[in-house]
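Colleague: no sequence for this one, just the structure:
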């Protein structure tokens, strides 16, 4: 009997020891492991999207905002009839019913997104269905209240709250903010409950962007550009307008455009900011570079005469022609009438180094460095390539064999307007947050001196002559001096040029005597008999400049009869955007100026880049090259 008791007692003690050992192993040795597993089953960390910073125009108008919207998800285990529910939902969330029914019928899943960031009307319709098993959660969605306005500049934001194009992409880390994290408990029914004792961090809103771009000017530019493209049956149009004093972008447009609120419904080709990403042969607008090099070298004066060979010249067996037969022209007349032969003879006088040096100093062949993604550098072949092809400088002198973006051309014209100082273009003037604005561009940003002030002044005078007496009369604005140059570039095609399609363009600034705005307009492949820059692009520039100068309050130099002395200028009202009634910033919030004030004559660096020849007087000269009968190569037209 005693033996049995001892055996039972021994077995009992052994069992207790095993249980104790197992408990010790589970609760002490493996405590951390099982505690983590339990936590994973009972708790869930939810990431909360932060509201992105607001993007404002130069006058504090909202261009991009974050709003709270509903996202809908499903708990499949609570849905009794997946097929019927899928049929009701599919038309509201733009999904295929069969695929949606399969997701809703998968009982092994406890969570299925139906549609994220719904438009309010669709969220209301889904709620009205009163389907058991559907839940809503609030998320932040990007909204563009002015729709197509500056769409390629702003870009858009994807479902995951990341910028995908434009400023939204480039400044994503600034605008996006920091997500919040909240730990929630999961109950036995796999529902979630909040517990204030659990860790959480609130989302940190992103910083705001304050642009140099003005919504009213952007609207004017887009409207005039679209009207020209549509009326002439062109493929597309591009335009850039800068503040001549600072380099800040006032407007930057590409047409056709798209609505960033519905970017997924449009072709990706429309997302391109063509004024920055696309380059083309500039044609006669590039004669500004040749003229600048001529004046800067001191080898040519405005009064010097050139024999333009009745509109043709032959070099290395290739005949190059003008768009009209010209005889003897002064250099000023050659610019005004846009003579290719006059520019070729000027380039031959200058040589490769001087012409290339000026083109490089004005920024061609490399990016401007503007704060927009996808900028192209254009094409300016190195001097070694010029020497391999003796006709390079002849063609480049009138804008063939070189490619530019509209933005590069605008920066070059702004350099002339600024007395020879090249400025850094920009579009984001400041960032802000928590009631504070931090300027990114407190003053104009000179990159360097490209030409002397004397050269810039003389060139401005010649460019005003292009508008008053030359190919750009349609760019004139009554009451203001306008300086500029037309171009009608042929489109390269399989080693030759397309004789049926052109890119008419105009580059200029106004007022010529006190520049405020600089602009470029380019229209791709207009249809019909009118395709020259002076017929197509120059009128668009003139229409834009007239409205913008009035809007900016730049008084005309010559008072019109219907503007009596001392009377305020007419108010400028544009369709959809009246500057006096347009929405402004939130009361009490700071509003950045379009651009910091700058004097009409910008400060210039004390020294000039090495290698830039000083201006010196040159005697008047007549240069003549006798043409011979050879094959004809068409030249660009003014």
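Modeller: Arrived safely, thanks for sending. None of the values given here were measured: they were computed from a predicted structure.
Colleague: point me to the helix or strand that includes the closest residue to residue 139 other than its chain neighbours.
Modeller: Leaving out its chain neighbours, the residue that sits closest to residue 139 by CB to CB, 6 or more residues apart in numbering is residue 71, at 4.9 Å. Bear in mind the C-beta positions are built from the backbone N, C-alpha and C, glycine included. Under the criterion of DSSP states H and E, residue 71 resides in strand 62-74.
Colleague: mind listing what that strand pairs with, with the direction of each?
Modeller: Under the criterion DSSP bridges, strand 62-74 sits next to strand 55-56 (antiparallel), strand 112-115 (antiparallel), strand 134-143 (antiparallel) in its sheet.
Colleague: deepest-packed of those, please.
Modeller: strand 55-56 (a mean of 28; mean count of other CB atoms under 10 Å).
Colleague: which stretches of the stretch 351-500 of the chain form strands?
Modeller: Ranges of strands within the stretch 351-500 of the chain are 421-423, 428-433, 436-439, 446-449, 483-493, 496-510, based on DSSP state E, counting those that start in this stretch.
Colleague: for the last one, which positions count as buried?
Modeller: When you say that, I think you mean strand 496-510. 497, 501, 502, 503, 504, 505, 506, 507, 508, 509, 510 (16 or more other CB atoms under 10 Å).
Colleague: the closest residue to the second one other than its chain neighbours: what's it in contact with?
Modeller: What that stands for is residue 501. Using CB to CB, 6+ apart and skipping residues adjacent in sequence, the residue nearest residue 501 is residue 525, 4.3 Å away. Each residue near residue 525 by CB atoms under 8 Å, 6 or more residues apart in numbering is listed here: 234, 235, 491, 501, 502, 503.
Colleague: what do you get if the cut-off is 7 Å, keeping everything else the same?
Modeller: 234, 235, 501, 502 (CB atoms under 7 Å, 6 or more residues apart in numbering).
Colleague: any idea of the pLDDT on the residue nearest to the last one when sequence neighbours are not counted?
Modeller: I take that to be residue 502. Spatially, and ignoring its direct neighbours in sequence, residue 502 is nearest to residue 531 (4.8 Å; CB to CB, 6+ apart). Note on residue 531: pLDDT of 91.
Colleague: please confirm that residue 531 is located within a strand.
Modeller: No: with DSSP: H, G, I helix; E, B strand; the rest coil as the criterion, residue 531 is located in coil rather than a strand.
Colleague: do I have it right that residue 477 meets residue 545?
Modeller: Yes: contact criterion CB atoms under 7 Å: residue 477 and residue 545 qualify, at 5.2 Å.
Colleague: more neighbours: which of the two?
Modeller: Set residue 477 next to residue 545 and count neighbours by other CB atoms under 10 Å: residue 545 wins out with 27 against 21.
Colleague: of all the strands of the stretch 351-500 of the chain, which one is nearest residue 50?
Modeller: strand 428-433 (11.7 Å; CB to CB).
Colleague: and the contacts of that closest one?
Modeller: Outside strand 428-433, the residues that reach it (CB under 7 Å, 6+ apart) are 53, 167, 171, 174, 207-212, 248, 371, 437-441, 592, 595.
Colleague: ditto for stretch 272-279
Modeller: By CB under 7 Å, 6+ apart, stretch 272-279 touches 152-153, 166, 236, 238-240, 252-254, 370, 372, 374-376, 378-379, 403-407.
Colleague: do that again at 6 Å, thanks
Modeller: 152, 238, 240, 252, 254, 372, 374-376, 378, 403-407 (CB atoms under 6 Å, 6 or more residues apart in numbering).
Colleague: rounded mean pLDDT for it, please.
Modeller: Here stretch 272-279 scores 94 as its mean pLDDT.
Colleague: from the middle of its chain, how far away would it be?
Modeller: Between the centre of stretch 272-279 and the centre of its chain there are 8 Å (CA atoms, centre = their mean, to the nearest Å).
Colleague: likewise stretch 507-523?
Modeller: With CA atoms, centre = their mean, you get 19 Å for stretch 507-523.
Colleague: where does the stretch 151-300 of the chain dip in pLDDT?
Modeller: 180-201 (pLDDT under 70).
Colleague: helices of that one, start to end?
Modeller: 151-154, 166-170, 172-175, 215-232, 274-277, 287-297 (DSSP state H, counting those that start in this stretch).
Colleague: which of the ones you listed is buried the deepest?
Modeller: Buried most deeply of the helices of the stretch 151-300 of the chain, by mean count of other CB under 10 Å, is helix 287-297, with a mean of 27.
Colleague: residues touching stretch 251-266, excluding its own?
Modeller: In contact with stretch 251-266 (CB under 6 Å, 6+ apart) are residues 144, 147-148, 151-153, 156, 217-218, 221-222, 225-226, 229, 237-241, 270, 274-275.
Colleague: how long is it from one end to the other?
Modeller: 23 Å (CA to CA, to the nearest Å).
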